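K.L.:
sequence and predicted model, in that order:
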Amino acid sequence: MKQITLIIIIVAVLLAGGIGFFFGRSLGGGSASQIEVHTASDEPKTWTCSMHPQIQQPNPGDCPICGMDLIPLQNKGSHDLGPRTLEMGESAVALANIQTIQVERRFPEVTVSLVGQIVHDETRLRSLSARFPARIDELFVNYTGVRVAQGEHLAMVYSPELLTAQRELLAAWNASPESTATVAARVRLRQWDLLPEQIEAIIQEREPSDHFELKSPISGTVIRRYVSEGDYVQTGEPMFQIADLSHLWLMLEAFESDLATLHYGQPVEFTVEASPGETFKGTLAFIAPEVDQQTRTVAVRVNVLNLNGRLRPGMLARAHIKTFVGIDGTTFSPELAGKWISPMHPEIIKDAPGQCDVCGMDLAPTESLGLVVSEEKEAPLVVPVSAVLRTGRRAVVYVQAPETEVPTFAGREVVLGSRAGDFFVVKEGLKEGERVVTKGAFKIDSSLQIQAKPSMMNPSLSKDEQQTNEFKGAELTISPNLANAILPTYLNLQSALSADDFAGSQVGLREMMEITGHPALSDLIHTMLAAEDLDGIRRPHFEVLSMALIHAIRETPGSIGQSVYLMHCPMVYADRGADWLQANDELLNPYFGSRMLRCGEVKGLLGGRMQHAH
């Protein structure tokens, strides 16, 4: 019996050990495998915010404070790749949506948008005045807007002086057709605007008349009528003004910042509201030598051919002037290369030397007027605007290291030239063929900042250099009435900045420029218009404008026609942040745009009867 019991106990122990070994092996082996796979994976375990490192989540998403996309928190145990170098796994690159493009050489195209008005071509206006005393017996052109051809009758006039002049011509002719007196009589009548065929008719009929048919000296449209039937006019008094509307001028207003891209002979395209969808063309013929002190603009004239009569003086037009930029920032139009152009009439362009069809001047090579860049000149090195991170005087791009097992990106400071549309000309810092980050550069920069490495936002500058880049507290004072006037355009500007809309920001600034006559404010707006990108508008200039408006509204809140929300972002400047105004309480940060659109807080309401901010 004891032996049976012992055998049962031994079997039970063996079974328990086998089962335990089996389950232990299964569970233990599976757990070890899972840990090994997870450890070997390059998937990020923690996601954090570049501006608020205290936010750490196990999954990607948006920062609950500022709304920015979270970025992967790098493993602290990974090896150091350099002070400005970041290594990212393939999955991290995909999640961060990092995109790159190859640096290339090309002549970037830039488009200047201007607004203006169509006016008469002053060289094709003709005023018809009385050359002798007369009475208007019959008026054939009795309203303005009538089109007349050269030689068509305008009015029937009675003039005793004209009758005397005709008799003198006939007397001289009868005596000697080629005599000096005959020539003088002819000249006198020609100076009185008689056409050659009218003078010949007097000689053929041999009978002077005290009534005379006044005819048009040119073809065109009667745009002014100064006389009515029965009027007596004296020598020199105006009677009609006739304009040739087949040629018109488009007068544009260009800001100083636009002048670098404008030149004589440049082709211009424009549109008018009366012909939606239709594009008209002209030639830039004149750039004023002086800047208007009130508007801070320069007058630009475009010659326009209007053979179909679709354009009319007084129409408003939106013009677009396209040109190419060279490595030294000069602009040129390749279609003018090797051509010959009239120095007075730029619409006259020929393939070979000759004379101007309008004024007879000798044509000049386009290169002699500085209009083109030689085709042999090397194209500049360019990168997209989205690839450049700018703060103050520094510009940083992130370059992808070639032929690496893991995607690696290194920050590099570059020296920029002029901006041409969606591209920057790069003077120093990059080589042709390198790949730069065009989307996601700010996320890479933020990752470096979290790791306490030099970045665009934390360049490890000396104290003096940091102070140079910081705003020193410039001030602007405006009246409440002016604040009320420019507030709508300011709100348009704020909306454009928060949407990263550079063109819309310029439109808002130009609208504000048309309203204000304040010298200091005009200078500030002009400086903002001269900026090459959004950062040049935002800091510190937009804050100066915002503080001036906020101060004026707080001084006399009842003078403002609407209430506005006062916003604040603590991240704009490290020592104080920055304020701005909005039409509603949906926080849209104009200082950072899409980079940190929701960063900030609502401080209260200003203006009207609802002032709650402090």
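P.N.:
Perfect, I can see it now. Note that the coordinates shown come from a computational prediction; the quantities given were computed from them, not determined experimentally. Numbering: from 1, shown residues only.

K.L.:
quick one: contacts of stretch 168-185?
P.N.:
Outside stretch 168-185, the residues that touch it by Cβ atoms under 8 Å, 6 or more residues apart in numbering are 165, 186, 188, 189, 199, 202, 203, 206, 208. All C-beta atoms are positioned from the backbone trio N, CA, C, and that covers glycine.

K.L.:
any of those residues buried? List them.
P.N.:
Among these, those classed as buried by 16 or more other Cβ atoms under 10 Å are 165, 186, 189, 199, 202, 208.

K.L.:
what does stretch 520-528 contact?
P.N.:
Taking contacts as Cβ under 8 Å, 6+ apart, the residues outside stretch 520-528 that touch it are 255-256, 296, 476-478, 482, 486, 509, 512-513, 516, 536-537, 541-542, 544-545, 548.

K.L.:
restricted to strands, list those residues.
P.N.:
residue 255 (DSSP state E).

K.L.:
ok so, going back, from the contacts of stretch 168-185, which two are the most distant?
P.N.:
Taking Cβ to Cβ as the measure, these span a maximum distance of 18.5 Å, between 188 and 206.

K.L.:
test my guess that residue 135 contacts residue 234.
P.N.:
No - at 10.9 Å, residue 135 does not count as touching residue 234 under the criterion of Cβ atoms under 8 Å.

K.L.:
neighbour count winner among the two?
P.N.:
Shown here are residue 135 and residue 234; by other Cβ atoms under 10 Å, residue 135 has more neighbours (15 against 10).

K.L.:
which pLDDT value goes with residue 326?
P.N.:
Residue 326 is assigned 72 on the pLDDT scale.

K.L.:
my guess is it contacts residue 107, does it?
P.N.:
Yes - applying Cβ under 8 Å as the test, residue 326 and residue 107 come out as touching, 6.6 Å apart.

K.L.:
what ranges does this structure have for its helices?
P.N.:
2-40, 90-96, 160-175, 180-191, 196-205, 441-450, 463-469, 480-498, 502-515, 519-529, 534-537, 543-555 (DSSP state H).

K.L.:
report pLDDT for the closest residue in space to residue 531 that isn't next to it in sequence.
P.N.:
In space, and not counting its chain neighbours, residue 531 is closest to residue 537: 4.8 Å by Cβ to Cβ, 6 or more residues apart in numbering. Residue 537 is assigned 89 on the pLDDT scale.

K.L.:
okay, now residue 537: neighbour count?
P.N.:
A count of neighbours around residue 537, defined by other Cβ under 10 Å, yields 24.

K.L.:
please verify my assumption that it contacts residue 498.
P.N.:
No - when contacts are counted by Cβ under 8 Å, residue 537 is not listed as touching residue 498 (12.0 Å).

K.L.:
contact partners for residue 382?
P.N.:
Residue 382 touches 103, 104, 105, 106, 108, 420, 423, 424, 425, 426, counting by Cβ under 8 Å, 6+ apart.

K.L.:
could you dump these to a markdown table with neighbour count?
P.N.:
A markdown table is the format used below for these (neighbours: other Cβ atoms under 10 Å):
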| residue | neighbour count |
| --- | --- |
| 103 | 20 |
| 104 | 13 |
| 105 | 13 |
| 106 | 13 |
| 108 | 19 |
| 420 | 25 |
| 423 | 24 |
| 424 | 27 |
| 425 | 22 |
| 426 | 25 |
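
K.L.:
now, these that are in strands?
P.N.:
Of those, the ones assigned to strands by DSSP E are 104, 105, 420, 423, 424, 425, 426.

K.L.:
distance check, the fifth one against residue 570.
P.N.:
From residue 424 over to residue 570 the distance is 30 Å, taken as Cβ to Cβ, to the nearest Å.

K.L.:
strands along the stretch 151-300 of the chain, start to end?
P.N.:
153-158, 211-215, 220-225, 232-233, 238-243, 247-255, 267-272, 280-287, 297-305 (DSSP state E, counting those that start in this stretch).

K.L.:
which stretch in those strands has the least confidence?
P.N.:
Among the strands of the stretch 151-300 of the chain, strand 211-215 scores lowest, with a mean of 82.

K.L.:
pull out the buried residues from that one.
P.N.:
212, 213, 214, 215.

K.L.:
which residues touch the third one?
P.N.:
Same thing as residue 214. 128, 153, 154, 155, 156, 157, 193, 239.

K.L.:
contacting residues for the fourth one?
P.N.:
With contacts defined as Cβ under 8 Å, 6+ apart, the neighbours of residue 155 are 136, 137, 138, 139, 140, 141, 213, 214, 227, 239.

K.L.:
just put those residues in JSON lines and tack on distance to residue 598.
P.N.:
JSON lines is the format used below for the contacts of residue 155 (distance: Cβ to Cβ, whole Å):
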{"residue": "136", "distance to residue 598": "75"}
{"residue": "137", "distance to residue 598": "80"}
{"residue": "138", "distance to residue 598": "77"}
{"residue": "139", "distance to residue 598": "72"}
{"residue": "140", "distance to residue 598": "72"}
{"residue": "141", "distance to residue 598": "67"}
{"residue": "213", "distance to residue 598": "79"}
{"residue": "214", "distance to residue 598": "75"}
{"residue": "227", "distance to residue 598": "70"}
{"residue": "239", "distance to residue 598": "69"}
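
K.L.:
for the contacts of residue 382, which one is nearest residue 67?
P.N.:
residue 424 (28.0 Å).

K.L.:
what pairs with that closest one across the strands?
P.N.:
Applying DSSP bridges to residue 424 yields these beta-bridge partners: residue 383, residue 419.

K.L.:
please tell me I have it right and it contacts residue 430.
P.N.:
No - the pair residue 424 / residue 430 is not scored as a contact, 10.3 Å apart, by Cβ under 8 Å.

K.L.:
next, show the common contact partners of those two.
P.N.:
Residues touching both residue 424 and residue 430 (Cβ under 8 Å, 6+ apart): residue 383.

K.L.:
which strand residues bridge residue 248?
P.N.:
With DSSP bridges as the rule, residue 248 is bridged to residue 120, residue 304.

K.L.:
could you report the distance from it to residue 440?
P.N.:
Counting by Cβ to Cβ, the gap from residue 248 to residue 440 is 50 Å.

K.L.:
these two - which one has more neighbours?
P.N.:
More neighbours surround residue 248 than the other of residue 248 and residue 440, with 24 against 21 (other Cβ under 10 Å).

K.L.:
ok, that one - contacts?
P.N.:
Contacts of residue 248 by Cβ under 8 Å, 6+ apart are 118, 119, 120, 121, 304, 306, 311, 313.

K.L.:
what does residue 423 give?
P.N.:
108, 382, 383, 384, 385.

K.L.:
mind redoing it with 10 Å?
P.N.:
104, 106-110, 325, 380-388 (Cβ atoms under 10 Å, 6 or more residues apart in numbering).
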